[in-house]
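1. Just the structure for this:
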Amino acid sequence: MPQIDQISTIYASQLLWLLLVFAIIFVVIGNWMMPKIEGTIHARNDKIQGDLDAAEKARDESASTQAAYTAEMDTAHRGAHDAVQAAKDAATRDTEAKLKAAGEAVAERVAHAEVALADARGRALAEIENVAADAVRDIVERLSGAKVEEGEALSAVRASLAA
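-> Below you'll find the model as predicted:
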């Protein structure tokens, strides 16, 4: 076979060209392509690290914002609770004052009513005594024919009612 016979004659030149092509490929890859690839990888790593740092910073800001929001809401809740409690206290004081004034007004009206009732009772009792005294005088006059003075009849009625 002629191909096998040629190997020894062209072996050295093919080996030279093989080494030359590999050296050119190595130099091209090493000098031009490798720095670009490494630059891309470094840029990518830097971008990833920057994004991670930005995410960390955003997370920290979010946590501080959340803490500030929570503190502000707690303050607002306490303020609202205090305002409601103050309103309740004011309403209670106002209601107590109104109830006290109403109680005093009712007590005054009751006292006036008791005085009026006692006065009316006294007048009614006096009227009853007068009517009873007149009735006693009329009965005594009809039964015995004797005239009884108004004062005597009134004292007899009072003595009878007192007993």
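2. where along this structure do the strands fall?
-> Shown for the chain, no strands are assigned by DSSP state E.
3. low pLDDT regions in it?
-> Along the chain, segments meeting pLDDT under 70 span 1-3, 7.
4. give me that answer again for 80
-> Residues of the chain meeting the criterion pLDDT under 80: 1-12, 161-163.
5. Please, where are all the helices along it?
-> Secondary structure of the chain by DSSP state H: the helices cover 2-28, 34-144, 150-162.
6. Show me how far the shortest one is from its chain's centre.
-> Computed by Cα atoms, centre = their mean, to the nearest Å, the separation of helix 150-162 from the middle of its chain amounts to 75 Å.
7. cool, the longest one as well?
-> Distance, stretch centre to chain centre, for helix 34-144: 13 Å (Cα atoms, centre = their mean).
8. now for that helix, which elements pack on it?
-> Contact here means 3 or more Cβ pairs under 8 Å, 6 or more residues apart in numbering; DSSP states H and E; on that basis helix 34-144 packs against helix 150-162. For glycine as for every other residue, the C-beta is placed from the backbone atoms N, C-alpha and C.
9. residues in contact with the helix it packs on?
-> Outside of helix 150-162, the residues within contact range by Cβ atoms under 8 Å, 6 or more residues apart in numbering are 129, 130, 132, 133, 134, 136, 137, 140.
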